[in-house]
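[1] Dropping the sequence and predicted coords here.
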Amino acid sequence: MGVRRADARDLESVLQVINTSNRDAYRSIIPPEQFKDPILTLAQLMKEFDTMNFYVCRVEDQLVGVAALRIDEGAAGAVRWVHVLPEHRRKGVGTSLMKHIENEARDTRLRKLRVIYVWEKAYWAKASTQNS
């Protein structure tokens, strides 16, 4: 298992991992009228690549996980797009991606790192974070 920074050659695979993972994880819990599939298009992903550093995890020759780090002003960073293919979950892929991003944040001398984005219509997610 190896993690590295993604490049343009990885775009299609990154898109496939994000959309497959999102579909598998959320289709049964997000109300159908609010579920968006695909969650991301290639054009949208290309814009995200311009604002974030994407990292990919491969097992053998297959890209199985992705995560992104946005570096903000004030020595802060934000993590987004953490996705792992369903058949590779609970095998250390997400942990490897997050450790890699944490190391990148340290190397970049970021003092604060946070996970961003809760969909504005995700009332079930917002309620659970407000009550904790």
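    Right, received. Where do you want to start?

[2] what sits against residue 65?
    Listed by CB atoms under 8 Å, 6 or more residues apart in numbering, the contact set of residue 65 reads 17, 56-57, 83-85, 88, 93-94, 96-97. Heads up, the C-betas are built off the backbone N, CA and C, glycines and all.

[3] go again using 7 Å as the cut-off
    17, 56-57, 83-84, 88, 93-94, 97 (CB atoms under 7 Å, 6 or more residues apart in numbering).

[4] What helix or strand is it located in?
    If you go by DSSP states H and E, residue 65 is part of strand 62-72.

[5] Which other helices and strands does whichever helix or strand comes after that strand contact?
    For strand 62-72, the following helix or strand on the C-terminal side (DSSP H and E) is strand 76-84. Counting contacts by 3 or more CB pairs under 7 Å, 6 or more residues apart in numbering; DSSP states H and E, strand 76-84 packs against helix 11-26, strand 62-72, helix 93-107, strand 112-115.

[6] Let's test this: mean pLDDT of the strand holding residue 65, rounded?
    The average pLDDT within strand 62-72 is 96.

[7] Kindly report the same for stretch 18-38.
    Rounded mean pLDDT across stretch 18-38 is 92.

[8] Same check on stretch 109-117?
    Per-residue scores along stretch 109-117 average to 86.

[9] contacts for that stretch?
    By CB under 7 Å, 6+ apart, stretch 109-117 touches 71, 75-80, 102, 105.

[10] Alpha carbons of that stretch, as PDB, please.
    What follows is stretch 109-117, C-alpha atoms only, in PDB (Å, rounded to 0.1, in the frame of the first residue of the first chain):
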ATOM      1  CA  ARG A 109       4.300  23.900   9.100                       C
ATOM      2  CA  LEU A 110       0.500  24.100   9.400                       C
ATOM      3  CA  ARG A 111      -0.600  24.700  13.000                       C
ATOM      4  CA  LYS A 112      -4.200  23.800  12.500                       C
ATOM      5  CA  LEU A 113      -5.800  21.100  10.400                       C
ATOM      6  CA  ARG A 114      -9.500  20.500  10.200                       C
ATOM      7  CA  VAL A 115     -11.900  18.300   8.200                       C
ATOM      8  CA  ILE A 116     -14.300  20.400   6.100                       C
ATOM      9  CA  TYR A 117     -17.700  20.300   4.400                       C
END
